[in-house]
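J.: Predicted model, plus sequence, below.
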Amino acid sequence: MSEEQNNELDLDVCCPDETAKAEPYHAIMFIDDDGKTNGQLWGMNGSLMLFDNRLNAENILKALNNPKLQLRGVTAKHLEMLKQLEESGAAKLFVIVGVTVLGKIEAIPLAEYSEQRSKAACPPPMPPRT
């Protein structure tokens, strides 16, 4: 396979069905009358939104109240393709981490979110006991 073919989007990965596992994220995606997606993620202010928590995604999907939207899993391979879009400047990716009591959505850039998670997984070493 040529490098050009390798860089093409894999439609099976970018257009997940309802059985796709959320490994590592969930996304709200636009669907057609047959329940199939064209790969378009829901977003706000020109940014595409991912969810680290299924409950948050379900609550926002319910609040959107749009039958043309459905919750889908984002696999690691799908995420890599989304990151390529972001690197090319075609998209900005954010992770919704919560909703305030007043209903305001809290989201942070994917890169920042990933960095925070990797730091949380690697706590600083304990000081030596004296």
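T.: Structure received.
J.: element containing residue 78?
T.: Take DSSP states H and E as the rule and residue 78 turns out to sit in helix 76-87.
J.: ranges for the strands of the chain?
T.: Along the chain, counting by DSSP state E, strands occupy 24-31, 37-41, 43-44, 47-51, 69-75, 93-99, 105-109.
J.: for those strands, which one sits closest to residue 82?
T.: Of all these, strand 93-99 sits nearest to residue 82, with 5.9 Å by Cβ to Cβ. The way it works is simple: take the backbone N, C-alpha and C, and place the C-beta from them, glycine included.
J.: Direction included, what does the closest one pair against?
T.: Take DSSP bridges as the rule and strand 93-99 pairs in its sheet with strand 47-51 (parallel), strand 105-109 (antiparallel).
J.: Give me the contact list for the last one.
T.: By Cβ atoms under 8 Å, 6 or more residues apart in numbering, the residues outside strand 105-109 that reach it are 44, 47, 49, 60, 92-100, 116.
J.: With the first one instead?
T.: Contact with strand 47-51 is made by 25-28, 41-43, 57, 60, 74, 79, 82, 91-96, 107, 110, as judged by Cβ under 8 Å, 6+ apart.
J.: at 6 Å instead, please
T.: The contact list for strand 47-51 (Cβ atoms under 6 Å, 6 or more residues apart in numbering) reads 25-27, 41, 43, 57, 91-96.
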